[in-house]
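Student: would you be able to build a 3D model of this:
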Amino acid sequence: MKLAGRDAARFLARPDTGVAAVLLFGPDPMRVALKRAALVAALIGERGAGEMRLTRLAGADLRRDPAAVSDAMRATGFFPGARVVLVDEAADAAAPALRVALDDWRPGDATLVAAAGNLGPGSALRKAFEAARSAVAIGVYADPPGRDEIEAALAANGLARPDREVFGEVEALAQGLDPGDFAQFLVKLALYKRGDADPLSAADLAACAPPPPEAEIDEVVALAAGPLALAFRTLAGRGGSPTGLTIAAGRYFRTLHAAAVAADGPEAALSRARPPVFGPRRARMAAQARALGESELEKALALIIEAELALRSSRPLPGQALVERLLVRLATLRRRRT
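Tutor: Residues are numbered from 1 along each chain as shown. From the prediction side, this is the model:
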């Protein structure tokens, strides 16, 4: 049987104990591994005693010993409770052994969980699980997690569902971060909130969320959108690349421009950005988008493109001086506006 979408998410959160086997497959090993870990935890518990009822097998070993899966599923465990036989890195070569294990399964045997890479519709392994009545095949793809999945992930880390606005920011993070990064973020957030009875807030998210790429450069570029201060001295001390700074400036001001022209307001547009912008950084960028406005931001982008073209030309140019001039001109736009 094949499951997808909400049916797959519901099954992974509360698996049917009457199902003999589950196949998880997909192109991203990290996504498959996270779903596999969640499924195993749902079947036998997190760690501790649950680990004692888990048998691990390698898919490559089944070619040499095809009966290993069936033997492990029928074996009597020393610890009471449900048991799981986990086959990692399964492939079509393991299909015959797993098909026999599916045919031999009886109520009371261990549940088989197989994790594989990307499998096409013609895969022998997929066909074996999709055709079996007592088995489930689930494709794990790069679809953004739904609200039910996010709520389940929050609950699994001991975090209560926040209010609508904060939950929207958590949802934006779930969609903007890689699954592994989002899982680590939730673990960090749970530790951060331990012993704190206050509801989850945007400030909590900002304190625990991973910084965006080139965050230090963004901070320097932010000074150009507001007060310039000691940006030049900071850049010189850190050896910032002129080309890297102009690229970061372009990215930053394009985000501001998109926020300035958004029909539903800068805050909503920044929440949709990738990676998402939230917390104090979102408030600062929204204020900058309003202060500069659409026309001034378009002038800023024209200045940045001009600087990028100059840096990439064949003429020898003082790159650091050119970038300093660019930042001064960007800051001047803000002064004219205010």
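
Student: looking at the chain, which helix or strand is least sure?
Tutor: helix 231-238 (a mean of 50; mean pLDDT, DSSP states H and E).

Student: in the protein, where is pLDDT below threshold?
Tutor: Applying pLDDT under 70 to the chain flags residues 46-50, 211-240, 334-338.

Student: re earlier: after the least confident helix or strand of the chain comes which helix or strand?
Tutor: Next in sequence after helix 231-238, counting helices and strands by DSSP states H and E, comes helix 242-261.

Student: the helix or strand containing Leu330: how far from the chain's middle?
Tutor: Using DSSP H and E, Leu330 maps to helix 319-337. With C-alpha atoms, centre = their mean, to the nearest Å as the basis, helix 319-337 stands 35 Å off its chain's centre.

Student: again, but for stretch 93-112
Tutor: For stretch 93-112, the distance to the chain centre is 33 Å (C-alpha atoms, centre = their mean).

Student: now swap in stretch 286-297 and tell me
Tutor: That offset, for stretch 286-297, works out to 30 Å (C-alpha atoms, centre = their mean).

Student: about what we covered before: just checking, what packs against the helix holding Leu330?
Tutor: helix 215-225, helix 231-238, helix 242-261, helix 279-311 (3 or more C-beta pairs under 8 Å, 6 or more residues apart in numbering; DSSP states H and E). (Each C-beta comes from the backbone N, C-alpha and C, glycine too.)

Student: next, Ala137: secondary structure please.
Tutor: strand (DSSP: H, G, I helix; E, B strand; the rest coil).

Student: next, count neighbours for Thr55.
Tutor: 19 (other C-beta atoms under 10 Å).

Student: quick one: contacts for it?
Tutor: 72, 75, 83-86, 110 (C-beta atoms under 8 Å, 6 or more residues apart in numbering).

Student: out of the helices and strands packed on helix 319-337, nearest to Gly319?
Tutor: When the helices and strands packed on helix 319-337 are ranked by proximity to Gly319, the top entry is helix 242-261, at 3.5 Å, counting by C-beta to C-beta.

Student: chain center to that closest one: distance?
Tutor: 23 Å.

Student: next SSE downstream of that helix?
Tutor: helix 266-272.

Student: and that following helix, what does it pack against?
Tutor: Using 3+ C-beta pairs under 8 Å, 6+ apart: helix 266-272 touches helix 164-176, helix 242-261, helix 279-311.

Student: make JSON lines out of those helices and add mean neighbour count and distance to Val32.
Tutor: Formatted as JSON lines, these follow (neighbours: other C-beta atoms under 10 Å; distance: least, C-beta to C-beta, whole Å):
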{"stretch": "helix 164-176", "mean neighbour count": "18", "distance to Val32": "17"}
{"stretch": "helix 242-261", "mean neighbour count": "21", "distance to Val32": "31"}
{"stretch": "helix 279-311", "mean neighbour count": "18", "distance to Val32": "31"}
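
Student: using CSV, lay out these together with distance to Pro29.
Tutor: Output for the helices and strands packed on helix 266-272, formatted as CSV (distance: least, C-beta to C-beta, whole Å):
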stretch, distance to Pro29
helix 164-176, 19
helix 242-261, 29
helix 279-311, 31
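
Student: among those, which is nearest Ala116?
Tutor: Between the helices and strands packed on helix 266-272, helix 164-176 lies closest to Ala116; by C-beta to C-beta that is 24.6 Å.

Student: which secondary structure elements does the next helix-or-strand element following the closest one contact?
Tutor: Using DSSP H and E, the helix or strand that follows helix 164-176 in sequence is helix 179-192. Packing partners of helix 179-192 (3+ C-beta pairs under 8 Å, 6+ apart): helix 29-44, helix 147-156, helix 164-176, helix 202-208.

Student: who touches the third one?
Tutor: Yep, that's helix 164-176 we're talking about. By C-beta under 8 Å, 6+ apart, helix 164-176 touches 144-145, 147, 149-150, 153-154, 161-162, 182, 185, 199-202, 205, 209, 271-276, 278-279.

Student: repeat that with 7 Å
Tutor: With C-beta atoms under 7 Å, 6 or more residues apart in numbering as the test, helix 164-176 has contacts from 144-145, 147, 150, 161-162, 182, 185, 200-202, 205, 209, 271, 274-276, 278.

Student: cool, the longest one as well?
Tutor: Surrounding helix 29-44, the residues in contact under the criterion C-beta under 7 Å, 6+ apart are 12-15, 22, 24-26, 50, 53-54, 81-84, 86, 111, 113, 115, 140, 142, 178-180, 183.

Student: and those residues, which of them are in helices?
Tutor: Judged by DSSP state H, the subset of the contacts of helix 29-44 located in helices is 12-13, 179-180, 183.

Student: weed out the non-buried ones from the residues you listed.
Tutor: 12-13, 179, 183 (16 or more other C-beta atoms under 10 Å).
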